[in-house]
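[1] Curious how this folds, go ahead:
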Amino acid sequence: GRSGPSAPSAEAGTTPAKDSHPPLSVTVNDLRMTLQGGSIDGRFAFTYNPESKPVAGVSSPGLSGQGALTAPEGLVESIVGVYMDREYAARAAVDPSVPTDPAVVDRQVSELSNRHITNLSQQLLLQRQGRQLTCPLKIAQGRISADGGAVAKLMPRMPTNQQ
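    The predicted structure follows:
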């Protein structure tokens, strides 16, 4: 009869499209990275929506979420100091006016690191809780920000010599 041929077409109409994927949610409540000088703790909640429209220059526009990283102030100072030491070495390799005396470099790196962390705290990119520093992070359309500010601001900049 007639019901035989019409049954397969009715079933085909009710199956979902092959390319449709529901959003994926991931929550990390207790992340710990142990380093020399202390540990960095974190928590994150992410959602990835594969149906998101492409955004120019962004590899994962469907990624959104928020989280935070917390570390002892001394560990943050150490990480910033290591980064600044590398910046000094790279600059000294091409600029003879950059100091290379270890005592001078250590003092300048320490001053710049402390000033940088103070500036981040004043801009609310870092939040101080006693001797702990917390950085709130957000992701919207695949772009990471530190409490609304550009993540690049977290990295210190070595001052350029004004001639």
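[2] Where does Tyr88 sit: helix, strand or coil?
    Classification of Tyr88 using DSSP: H, G, I helix; E, B strand; the rest coil returns helix.
[3] Just confirm it contacts Val109, I think it does.
    Yes - at 6.7 Å, Tyr88 counts as touching Val109 under the criterion of C-beta atoms under 8 Å. Glycine gets a C-beta too; all of them are placed from N, C-alpha and C.
[4] so what sits against both of these two?
    By C-beta atoms under 8 Å, 6 or more residues apart in numbering, Tyr88 and Val109 have no common neighbours.
[5] any weak-confidence spans in the protein?
    1-19, 159-163 (pLDDT under 70).
[6] now do 50
    Applying pLDDT under 50 to the chain flags residues 3-15, 162-163.
[7] Show me where it has its helices.
    3-14, 73-94, 102-122 (DSSP state H).
[8] tell me the contacts of Asn29?
    Arg43.
[9] which stretch among the helices of the chain comes nearest Arg143?
    helix 102-122 (19.1 Å; C-beta to C-beta).
[10] Would you indicate which residues of that closest one are buried?
    Using 16 or more other C-beta atoms under 10 Å as the burial criterion, the residues of helix 102-122 that qualify are Val105, Gln108, Val109, Leu112, Ser113, His116, Ile117, Leu120.
[11] And the second one, how far from Val80?
    The gap separating Gln108 from Val80 is 13 Å, by C-beta to C-beta, to the nearest Å.
[12] swap in the fourth one?
    Noted for Leu112: a distance of 8 Å to Val80, by C-beta to C-beta.
[13] and what of Gly38?
    Counting by C-beta to C-beta, the gap from Gly38 to Val80 is 14 Å.
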